[in-house]
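Q: Below: sequence and its predicted model.
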Amino acid sequence: MSLPLFRDCLSRVIARKKTLLVFAIVYLAGIILGICFVKTPAFYEFHLNRVDRFLVQIVYSRRNVFLIFLERTAGCALWLALLALSGIHFVALAVPPAVLLYRSYTFGGSIAILCSVYGVSGLLVVFVLFLPIHLLTDAVFLGATVLSCGRAGTFRFCRSDLTELLFDFLALLAVAALICLLEMLLLLVIFHPVGQLF
């Protein structure tokens, strides 16, 4: 993946400033809603279970961090594929707002749980690992959403459009993989016992 492809991808995201702003607002609204409604009985257990799984399976897991890296990268690939494919038709554009709202809502709820239930250790996880990694990853997903919105009106099942779709997907996946690599290093250095790389 060459640098010009990354630049082209980024320039097309930045060029659609209004679309980027609208979806950023949707994302922010989801975080606020997640924090505000976290103690609602219907959602509290959902958020608590998500946080427990994150702490047990990711943060304090005794599994090797490279395996976690592969799993997290594969998860990002699935989200990115869903967002990329939503740009092939206007009807499918209902998918990206739903994805962003789900991720931001659960993000806000998870932050509230980590800070209120887990105290100092929760705050450490939030500010050192969860907050920066989640925001960086969702910034990539936000970029994928903007690209899909720009593609939806003109996409044709021809070689040039399919090639552009594939290159956008690979460029964003490469960035997501770097973020997952950063998460792996943070897990290895701060949270996992020494020697848990393999």
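A: Done, it's in.

Q: CA atoms for contacts and neighbours, from now on please.
A: Noted.

Q: Just list the residues touching residue 33, thanks.
A: Each residue near residue 33 by Cα atoms under 8 Å, 6 or more residues apart in numbering is listed here: 105, 108.

Q: Secondary structure element holding it?
A: Per DSSP states H and E, residue 33 falls inside helix 17-36.

Q: Same check on residue 155?
A: Under the criterion DSSP H and E, no helix or strand holds residue 155.

Q: cool, and residue 145?
A: Applying DSSP H and E, one finds residue 145 within helix 131-152.

Q: Now do that helix: which elements does it pack against?
A: With contacts defined as 3 or more Cα pairs under 8 Å, 6 or more residues apart in numbering; DSSP states H and E, helix 131-152 has these neighbours: helix 3-15, helix 17-36, helix 65-85, helix 95-117, helix 159-186.

Q: could I get those as a markdown table with distance to residue 59 and mean pLDDT?
A: Listed next are these as a markdown table, based on distance: least, Cα to Cα, whole Å; pLDDT from 0 to 100:
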| stretch | distance to residue 59 | mean pLDDT |
| --- | --- | --- |
| helix 3-15 | 31 | 85 |
| helix 17-36 | 22 | 95 |
| helix 65-85 | 10 | 95 |
| helix 95-117 | 12 | 95 |
| helix 159-186 | 10 | 92 |
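
Q: for those helices, which one ends up most surrounded?
A: Per residue and on average, the most neighbours among the helices and strands packed on helix 131-152 fall to helix 95-117, with a mean of 21 (mean count of other Cα atoms under 10 Å).

Q: Just checking, which helix or strand succeeds that helix along the chain?
A: Following helix 95-117 toward the C-terminus (DSSP H and E): helix 119-125.

Q: And that next one, what does it pack against?
A: For helix 119-125, the elements it packs on are helix 95-117, judged by 3+ Cα pairs under 8 Å, 6+ apart.

Q: Quick one: residues contacting residue 73.
A: When contacts are counted by Cα under 8 Å, 6+ apart, residue 73 touches 176, 177, 180.

Q: Apologies, that question was intended for residue 106.
A: Residue 106 touches 31, 34, 47, counting by Cα under 8 Å, 6+ apart.

Q: gap between the residue in the chain sticking out farthest from the centre and residue 88?
A: Most distant from the centre of the chain: residue 158, at 29.2 Å, with distances by Cα atoms, centre = their mean. The gap separating residue 158 from residue 88 is 12 Å, by Cα to Cα, to the nearest Å.

Q: what do you get for residue 53?
A: 34 Å.

Q: and what of residue 23?
A: 18 Å.

Q: what's the closest of the contacts of residue 73 to residue 124?
A: Nearest to residue 124 out of the contacts of residue 73 is residue 180 (Cα to Cα; 18.5 Å).

Q: Contact partners for that closest one?
A: Residue 180 makes contacts with 69, 72, 73, 133, as judged by Cα under 8 Å, 6+ apart.
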